[in-house]
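**Student:** Predicted model, plus sequence, below.
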Amino acid sequence: MDDYLIAARVVHYASTISLAGLFAFLCLVAAPDASERLRRRLSLLGWASLLLALVSGLGWLLVLAARLSGQPLDAVLPQGVVTLVLTRTRFGEVWLARFVLATLLALCLFARQRWRARVLEWAGLALAGGILGSLAWAGHGGATPGRPGELHLGADILHLLAAGAWLGSLIPLALLLAEARRIGDPDWAALARRAVRRFSVLAAASVAILFAAGLVNTWFLAGTVPALIGTLYGRLLLAKVAIFATMVTFGAVNLLRMGPRLAPAAAGRPALWAAAIGHLRRNALIEAALGLIVLAIVGLLGILPPGLHTEPGWPLPFRLELGALAAPFETVLAIVAALALACAVAGVALAAAGHYRAMMMAGAGLVLFLGVGAIIVRPAVEPAYPTSFYAPVEPYAAASVVHGARLYAENCALCHGADGRGDGPAAAALTVHPADLTAPHLFAHTEGDLFWWVSNGRAHGVMPGFAAVMSPAERWDVINFVRARAAGVLSGQIGPTVSTAATAAIPDFAFESEGGQQHTLDGVLKTGPALLALFGRPPSAARLAQLAAAPPEIAGGLRVLAIDLAPIPTPSTTSARAPGDAEQPAPLVGVSADVAAALSLFRAGNQGETDLLLDRAGNLRARWTGSSPGGLPGAAAIAAAALQAARFPAAPVSHAGHAG
């Protein structure tokens, strides 16, 4: 079924691009009515493209209906599935509108055979552009929600229209050049010269739009290096870009080398002029053939999940951790990369123009800048594994952390120790000492690195792999626990002054507020920073009232969550009162035993109160205990610190893949 869908998509894209390109050629490049033979050929191209568009569009509709219904392909029409798709889905609505446009375009093609009015060509361009541009609603751009979806959809429409203007005009241009070479009189020489010049302008504008819109589409669908080189979608996208660059190179040869040979002075040298026409026509056909390969890739990409929604398997033994570079070196690296790109573009342009000596100089500059860049990034080179850029399937949340703690005790504590410091009962007998899993260096590794080690082992077999012992979800639970415990140890180094250095995030958790309403920490952080007041014994009413006195409207949207960890509150005891209190103040919330156990990793000592100030990304920015300078914060101190924490940005949208 997928093969039929890919074939239908490829033929439909090719035919609709051909239609749009034909009318773009007639309106913007040349209207060669001087030759009846050429006019018939262009008319035949238009009718053939329209027929293929209708047939392939119907095939696309039938295959999609069969996939949605689970019915065989020959059963979707008799059972009325196609009617349901046409009337009950956005895809069907778009297809109906496109069929109306195709009908009007057929009338336009028929009328143009009888009357050679320019208005019919411009009407055909508008209709063909509508048929082509509306394909965006059948792709990934039409599925992106919200305001970002509008940007994605707009970029998709521009991408399609630019492809139609450039790729679709190549065959009409080749037909015109062949006719000009066959006739060979001065009038046709001038017509060919004008057509090539106008086509070059149209192609340059189209390439610029394709490049800009392609960047937007790539950001939405494969916006990270791992997604580009670590997924089938990304690698096909890179192949598409490489072919696109090759097509641009052929276009540059036409513009910089072959085009000047059509100058009026060349008309007196028929052999040179005919050779230039032949080269231009051949290159146009090569560009069209490469464009067809690009469309084949597009047909395949349309049935694959985008790179950002796919598990990226990293193919290289190293990765670049550019965050390890000092700021000045990052700036220098950006400049060197820009210069290397400029040398590469200049080299291609000079080669296309036939200036080979200057091309060699640009190539030498490219090698030089690549060498300098390699020296700069050397300190940022880190070992990598196939799973280095996996995203956890288990969210970093209290339930996962607690489950991971149990699994850690059963499988890891023997070597790494109950506290994770590498001092387990079996550690002394090992040839390689187990790693300290509470040290800050743990956060220098990605979650995917840890997943690889937990799954496959390390240190030449000293640490065994647990892929046969724990499921992928359980291995992620262990990793979440190890990272949470290390974050809890690291939090002890954070003082009462708001820190600009982000530490590891606090795990998400659910809680119940006054009135029985359910919330999560992530939901709270969407509105502003949060203060977690963790109590080792029931808090006093006076302290709760003091915490409640930091109004959110003057504290950057701060939400105070007071949590009694001993005894453990449960969602059903949210309104429990501290001894001697008549009414429970609002900051006290109820949490489950699992949440209390996870948050205990971040509490200092076994008694007293620990206050954690989190920014909107969930990072710990300040920490107070009874032994902190100045003691526990009052309402004014909390409000002042919260205003500083509110200035830090919220968590960015994740562009990581999803491990399964």
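**Tutor:** That came through fine.

**Student:** Going along the chain, name the strands of the stretch 451-600 of the chain.
**Tutor:** 510-512, 518-520, 530-535, 559-564 (DSSP state E, counting those that start in this stretch).

**Student:** Tell me which of those strands approaches V432 most closely.
**Tutor:** Closest approach to V432 among these (Cβ to Cβ): strand 530-535, 36.8 Å. Every C-beta, even on glycine, is put in place using the N, C-alpha and C of the backbone.

**Student:** Flag the shaky bits of the stretch 251-400 of the chain, pLDDT-wise.
**Tutor:** 264-269 (pLDDT under 70).

**Student:** Strands of that one, residue ranges please.
**Tutor:** 318-320, 381-383.

**Student:** Flag every buried residue along the first one.
**Tutor:** Under the neighbour-count criterion of 16 or more other Cβ atoms under 10 Å, strand 318-320 has 319-320 buried.

**Student:** quick one on the thing from earlier: W95 is nearest to which of the strands of the stretch 251-400 of the chain?
**Tutor:** Once those are compared by Cβ to Cβ, strand 318-320 is nearest, at 43.9 Å.

**Student:** How about the contacts made by the closest residue to A174 other than its chain neighbours?
**Tutor:** By the measure of Cβ to Cβ, 6 or more residues apart in numbering, the closest residue to A174 outside its immediate chain neighbours is A284, 4.4 Å from it. Contact analysis of A284 by Cβ atoms under 8 Å, 6 or more residues apart in numbering lists 170-171, 173-174, 177, 254.

**Student:** Inside helices: which ones of these?
**Tutor:** When the contacts of A284 are checked against helices (DSSP state H), the matches are 170-171, 173-174, 177.

**Student:** Just send those residues back as a markdown table, with pLDDT, neighbour count and distance to V241 too.
**Tutor:** Shown next, in a markdown table, are the ones in helices among the contacts of A284 (pLDDT from 0 to 100; neighbours: other Cβ atoms under 10 Å; distance: Cβ to Cβ, whole Å):
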| residue | pLDDT | neighbour count | distance to V241 |
| --- | --- | --- | --- |
| L170 | 95 | 26 | 19 |
| I171 | 95 | 22 | 23 |
| L173 | 94 | 27 | 24 |
| A174 | 94 | 19 | 24 |
| L177 | 91 | 26 | 28 |
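
**Student:** for these, which one is nearest G618?
**Tutor:** Proximity of the ones in helices among the contacts of A284 to G618 (Cβ to Cβ) peaks at L170, which lies at 52.5 Å.

**Student:** Settle this for me: the closest one is touching E287, isn't it.
**Tutor:** Yes: here L170 lies in contact with E287, judged by Cβ atoms under 8 Å, at a distance of 5.4 Å.

**Student:** Quick check: buried residues in whichever helix or strand A242 is part of?
**Tutor:** Using DSSP states H and E, A242 sits in helix 232-253. Residues of helix 232-253 classed as buried by neighbour count (16+ other Cβ under 10 Å): 233-234, 236-237, 240-241, 243-244, 247-253.

**Student:** CA atoms of it as CSV?
**Tutor:** C-alpha atoms of helix 232-253 as CSV (Å, rounded to 0.1, in the frame of the first residue of the first chain):
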residue,chain,number,x,y,z
LEU,A,232,15.9,8.1,7.8
TYR,A,233,13.8,11.2,7.3
GLY,A,234,16.7,13.5,8.0
ARG,A,235,19.1,11.6,5.8
LEU,A,236,16.6,11.7,2.9
LEU,A,237,16.2,15.4,3.6
LEU,A,238,20.0,15.8,3.4
ALA,A,239,20.0,13.9,0.1
LYS,A,240,17.3,16.2,-1.2
VAL,A,241,19.5,19.2,-0.2
ALA,A,242,22.5,17.7,-2.0
ILE,A,243,20.6,17.2,-5.2
PHE,A,244,19.1,20.7,-4.9
ALA,A,245,22.7,22.0,-4.6
THR,A,246,23.7,20.1,-7.7
MET,A,247,20.7,21.6,-9.6
VAL,A,248,21.8,25.0,-8.5
THR,A,249,25.3,24.3,-9.8
PHE,A,250,23.9,23.4,-13.2
GLY,A,251,21.8,26.6,-13.1
ALA,A,252,24.9,28.6,-12.3
VAL,A,253,26.7,27.1,-15.3
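
**Student:** Is D611 in a helix, a strand, or coil?
**Tutor:** strand (DSSP: H, G, I helix; E, B strand; the rest coil).

**Student:** what's the distance between it and L96?
**Tutor:** 61 Å (Cβ to Cβ, to the nearest Å).

**Student:** Looking at these two, which is more packed in?
**Tutor:** It is D611, of D611 and L96, that has more neighbours when counted by other Cβ atoms under 10 Å, with 25 against 11.

**Student:** Tell me the bridge partners for that one.
**Tutor:** A533, W624 (DSSP bridges).

**Student:** I'd like to know how far it sits from Y396.
**Tutor:** For D611, the distance to Y396 - Cβ to Cβ - is 21 Å.
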